[in-house]
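Visitor: quick check, what structure comes out for this input:
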Amino acid sequence: MNDFSTPAVPDCIPKRDYGMLSQFSRFAITKSGWKITGEIPEQPKLIIAVAPHTSNWDFFIGIAVMFSLNLRISFLGKASIFRWPVKSLLTAIGGIGVDRSHRHGVVGQIVQAFNENEQFVLGLAPEGTRSKTVEWRTGFLQIAKQANVPVVPVSFDFAKKEVHFHQSVLITGEISEELVEFKQVFTGVCAKNPQAV
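Guide: Numbering: from 1, shown residues only. Next up is the predicted model:
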């Protein structure tokens, strides 16, 4: 446990004490040879964009990182899955049910959540699917621009066994151009299933 090191988590970042889950996650990450590197920006509101996303393992590694750092991160899910008996569990670990038929759309709902909270961190996978995809979804960049919050690229490199927090990006220009530049951050990162990238 003593050789476990992580980026410092600024005081302004929303946190939650996961207790034994945090200790177990740190132990599991260390024993499996993974490491967490980079820098978490001093921002009370931000989007964490994780890539590449090619396997269910991405979710479990992400949860382990969240627990080990005691981060309070929200994630999106269809409103239809937020029902008994899993609603309480999903909500407890940061799940937000979104209604795709909402008149403001998913982007509008999340922008509203950012505007209504003093601290809010949203975690998501820009690719939107574990399957091979050519184009990433741009919703996360639209949210970042409208809510005026930075995006932190986080790469899961299975060759290096490294979860890396890259420098944050503030989205200010054309979404399509920003997306091209954003994707370049993940060049050379080895996914769990490289053939799906």
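
Visitor: where are the low-confidence patches of this structure?
Guide: 1-3, 99-104, 128-135, 193-197 (pLDDT under 70).

Visitor: closest to the centroid, which residue in this structure?
Guide: A centroid search over the chain (Cα atoms, centre = their mean) returns G123, at 2.7 Å, as the residue closest to the centre.

Visitor: surely F156 is within a strand?
Guide: Yes - applying DSSP: H, G, I helix; E, B strand; the rest coil, one finds F156 inside a strand.

Visitor: name the nearest residue to P52, sequence neighbours excluded.
Guide: A191 (3.9 Å; Cβ to Cβ, 6 or more residues apart in numbering). Any C-beta I mention is one placed from the backbone N, CA and C, and that applies to glycine too.

Visitor: and R72, what does it touch?
Guide: Listed by Cβ atoms under 8 Å, 6 or more residues apart in numbering, the contact set of R72 reads 14-16, 94, 119, 121.

Visitor: which of these count as buried?
Guide: Using 16 or more other Cβ atoms under 10 Å as the burial test, these include 14, 16, 94, 121 as buried.

Visitor: wait, doesn't the second one sit right on N70?
Guide: In other words, R16. Yes - applying Cβ atoms under 8 Å as the test, R16 and N70 come out as touching, 6.1 Å apart.

Visitor: mind listing the residues bridging to A51?
Guide: S155 (DSSP bridges).
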